[in-house]
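Participant: Next one to model:
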Amino acid sequence: ASLSRPRPTDSARATADSHASHAQNPALSPQRGAPPPVVLSPSHPQVSRAVLEEGARSAGIDPAGLDVALPQRRLAEFFAGRGVPVLDLLPAFEREARERDPDGFYLNNDTHWSVTGNEIAAREITRFVVDQLGHGA
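Facilitator: Got it, this is the predicted structure:
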């Protein structure tokens, strides 16, 4: 069996569903004032090439054709269009993955971050909050 790429209609449908779900969030209502910031959390396959390749191949998808940052870009565009501040943690996790094994950022057989993953996220979120407070002053 040859590996194929995901069908664009599946991706477009998932994006539309995600945007519709977020658009219904009352916190994003213009009547509520400034919307709360959003943090985009990377999944293990987005950070670990080995996990991505294993999952893609088991699904019959060519991992070379996958754009792991696409979900973050689409969500960031969606929120930016509504004036919502966004922090995407994927670049920070990718930077850290150049220095150490990204599989250590997540718990074994779990989607949650390990201590190391939480440390990366905490550092980036702290910088983001300080930056947001600086712009609001």
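
Participant: quick one: average pLDDT of stretch 102-120?
Facilitator: Across stretch 102-120, pLDDT averages out at 94.

Participant: So which bits of that stretch are buried?
Facilitator: With burial defined by 16 or more other CB atoms under 10 Å, the residues of stretch 102-120 counted as buried are 102, 105-106, 113, 117, 120. Bear in mind the C-beta positions are built from the backbone N, C-alpha and C, glycine included.

Participant: okay, how far is it across that stretch, tip to tip?
Facilitator: For stretch 102-120, the first-to-last residue distance is 11 Å (CA to CA, to the nearest Å).

Participant: and that stretch, how far out from the chain's middle?
Facilitator: The chain centre lies 14 Å from the centre of stretch 102-120; the measure is CA atoms, centre = their mean, to the nearest Å.

Participant: same thing with stretch 127-137?
Facilitator: Per CA atoms, centre = their mean, the centroid offset for stretch 127-137 relative to its chain is 21 Å.

Participant: that older thread, can you redo the buried residues of stretch 102-120 as TSV with distance to Asp62 and secondary structure?
Facilitator: Below are the buried residues of stretch 102-120 laid out as TSV (distance: CB to CB, whole Å; DSSP: H, G, I helix; E, B strand; the rest coil):
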residue	distance to Asp62	secondary structure
Pro102	21	helix
Phe105	25	helix
Tyr106	24	strand
Trp113	28	strand
Gly117	28	helix
Ile120	29	helix
